[in-house]
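J.: the amino acid sequence is not available; the structure is as follows:
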């Protein structure tokens, strides 16, 4: 199903400050979600908010999270509000003034209720999406989950519906009176570097190395 | 003040699964906090949990967050429970089975109540720590915050007291019956790459480039 509408701007996703950085562009949200590896997932518990890093996968306008069936955070998110935040850090912004130091980043914040995925077909597709998110095509190479593994895995779906995308992607913005200060200003770019794959020592040579990029 | 005690293991920070991955080692927590750039900060609001990425700084056993005085998330964390999660992603773990795919990471999760920093000396030191966190020594080069900028900035302190550190740092762990499958298994290392600093075009040459690493 093609979904073309942008994300929903609601009272709780509307920008209150730095509005020029916020959009609700669905394709931009997808590009950030597809490029990053880790989501930080927040739930409200009786003892306060909890935020944990999680792998995830995307199928069209649905984001999937998974964990052990007993995973407390995921269980807290079933039929309850969750916040899924995915951030890509693109650079450190050095200004002439301490106050205007900043970071360049792209960030998607999704709000919504988690739905437990119980349909076996959807569950298998969600798990494939999570594996393929790290390395495209990987789910067709690895041994698929068997019935016992599926039973042990809790999958929840968060709709990519209500949320926003925040992007900062420019140089230092100093006050006019600071522009002539003899302090280097600019951006130090940051990115994710992929190292040399390290194979398990008990395997034979010649197996196809995952083609990550 | 030197703080030597480990982080507190409490009902809400105790590991329930994968216990071998969890520690309460203070020095390990500091090393993760000092290496990463971004924290994901969660608060509980009336409309559900909210998680946003934030810069931060550390002074001894205190973690500092800052934002505009009107920053809704930070204000929600004053005298209220917050969760501060800092994750470093070290690699993608490819197993022979889809089920045993994983990630290598180091993650600190702090729970606690945010305290608004009102003392000017502590506030200035906290802001220095946040600037120096990105580039060590930077706070002594840039123009310090003036009185108006300090007024516009809300700083909150989260004690590095109750929390845990979770680390996965090994290869694929497949089931014995899968070990002979002809599927490449191992770790694809990930790290943060620092690019060439890009100076603002309106500056003269010859200013000292921040020495990031």
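T.: Here it is on my side, so go on. Given the structure is predicted, the values throughout are model-derived calculations rather than measurements. Numbers count the residues shown, from 1 in each chain, chains lettered A, B, ... in the order given.

J.: quick one: the strands in chain A?
T.: Using DSSP state E, the strands of chain A run over A:22-23, A:39-45, A:48-54, A:57-59, A:62-68, A:81-94, A:102-113, A:115-116, A:153-159, A:162-168, A:186-194, A:198-199.

J.: mean pLDDT per helix and strand in chain A: which one sits at the bottom?
T.: For chain A, counting by mean pLDDT, DSSP states H and E, strand A:22-23 ranks last in confidence among helices and strands (a mean of 87).

J.: contact partners for the residue nearest to the spatial centre of chain A?
T.: Central residue of chain A (Cα atoms, centre = their mean): residue A:86, 3.1 Å from the mean position. Residue A:86 makes contacts with A:32, A:33, A:36, A:38, A:39, A:40, A:56, A:107, A:108, as judged by Cβ atoms under 8 Å, 6 or more residues apart in numbering or on different chains. Every C-beta, even on glycine, is put in place using the N, C-alpha and C of the backbone.

J.: so, low pLDDT: which residues of chain A?
T.: A:1-4, A:17, A:212-213 (pLDDT under 70).

J.: just to revisit the earlier point, now do the least confident helix or strand of chain A: distance to the chain's middle.
T.: Its chain's C-alpha centre and that of strand A:22-23 lie 16 Å apart, by Cα atoms, centre = their mean, to the nearest Å.

J.: and that strand, anywhere near chain B?
T.: No - between strand A:22-23 and chain B, judged by Cβ under 8 Å from any Cβ of the partner chain, nothing touches; the nearest distance is 12.1 Å.

J.: that strand pairs with which strands, and in what direction?
T.: Paired neighbours of strand A:22-23 in the sheet (DSSP bridges): strand A:162-168 (antiparallel).

J.: may I see the buried residues of the lengthiest helix in chain A?
T.: Looking across chain A with DSSP state H, the single longest helix is helix A:120-134. Within helix A:120-134, the residues that count as buried by 16 or more other Cβ atoms under 10 Å in any protein chain shown are A:123, A:124, A:125, A:126, A:127, A:128, A:129, A:130, A:131, A:132, A:133, A:134.

J.: report all helices and strands that it contacts.
T.: Counting contacts by 3 or more Cβ pairs under 8 Å, 6 or more residues apart in numbering or on different chains; DSSP states H and E, helix A:120-134 is packed against strand A:57-59, strand A:62-68, helix A:147-152, strand A:153-159.

J.: switch to 10 Å and redo it
T.: strand A:57-59, strand A:62-68, helix A:147-152, strand A:153-159, strand B:81-94 (3 or more Cβ pairs under 10 Å, 6 or more residues apart in numbering or on different chains; DSSP states H and E).

J.: contacts only, for the closest residue to residue A:12 other than its chain neighbours.
T.: Distances taken as Cβ to Cβ, 6 or more residues apart in numbering or on different chains place residue B:47 nearest to residue A:12, at 4.6 Å, with adjacent residues excluded. Residues counted as contacts of residue B:47 (Cβ atoms under 10 Å, 6 or more residues apart in numbering or on different chains) are A:10, A:11, A:12, A:13, A:81, A:111.

J.: now swap in residue A:110 and tell me
T.: Per Cβ under 10 Å, 6+ apart, neighbours of residue A:110: A:7, A:13, A:29, A:33, A:39, A:41, A:63, A:82-86, A:158-165, B:51.

J.: give me the distance between it and residue A:20.
T.: 21 Å (Cβ to Cβ, to the nearest Å).

J.: ok, now residue A:94?
T.: 21 Å.

J.: how many residues are close by residue A:206?
T.: For residue A:206, the tally of surrounding residues (other Cβ atoms under 10 Å in any protein chain shown) stands at 7.

J.: and for residue A:148?
T.: Residue A:148: 9 neighbours (other Cβ under 10 Å).

J.: list the residues that contact it.
T.: With Cβ under 10 Å, 6+ apart, residue A:148 has these contacts: residue B:99.

J.: so who does residue A:190 touch?
T.: Per Cβ under 10 Å, 6+ apart, neighbours of residue A:190: A:88-92, A:103-105, B:37, B:134, B:192-195, B:212.

J.: oh, that last question was meant for residue A:14, not what I typed.
T.: So residue A:14 contacts A:22, A:24, A:164 (Cβ under 10 Å, 6+ apart).

J.: now do the contacts for residue A:80.
T.: Here residue A:80 is in contact with A:43, A:44, A:45, A:113, A:114, A:156, B:48, B:49 (Cβ under 10 Å, 6+ apart).

J.: thought the third one was touching residue A:81?
T.: No - using Cβ atoms under 10 Å as the test, residue A:45 is too far from residue A:81 to be in contact (11.6 Å).

J.: shared neighbours of these two, anything?
T.: With Cβ under 10 Å, 6+ apart, residue A:45 and residue A:81 have common neighbours B:44, B:49.

J.: neighbour count winner among those two?
T.: Set residue A:45 next to residue A:81 and count neighbours by other Cβ under 10 Å: residue A:81 wins out with 20 against 16.

J.: residue A:141 and residue B:97, how far apart?
T.: The spacing between residue A:141 and residue B:97, counted by Cβ to Cβ, is 11 Å.

J.: quick one: which of the two has more around it?
T.: Neighbours were counted for residue A:141 and for residue B:97 using other Cβ under 10 Å; residue B:97 has more, 22 against 18.

J.: you'd agree that one is up against residue A:146?
T.: Yes - assessed by Cβ under 10 Å, residue B:97 is found in contact with residue A:146 at 8.6 Å.

J.: now do the shared contacts for those two.
T.: Joint contacts of residue B:97 and residue A:146 (Cβ under 10 Å, 6+ apart) are residue B:175.

J.: how far does stretch A:44-53 stretch from start to finish?
T.: Terminal residues of stretch A:44-53 are spaced 15 Å apart (Cα to Cα, to the nearest Å).
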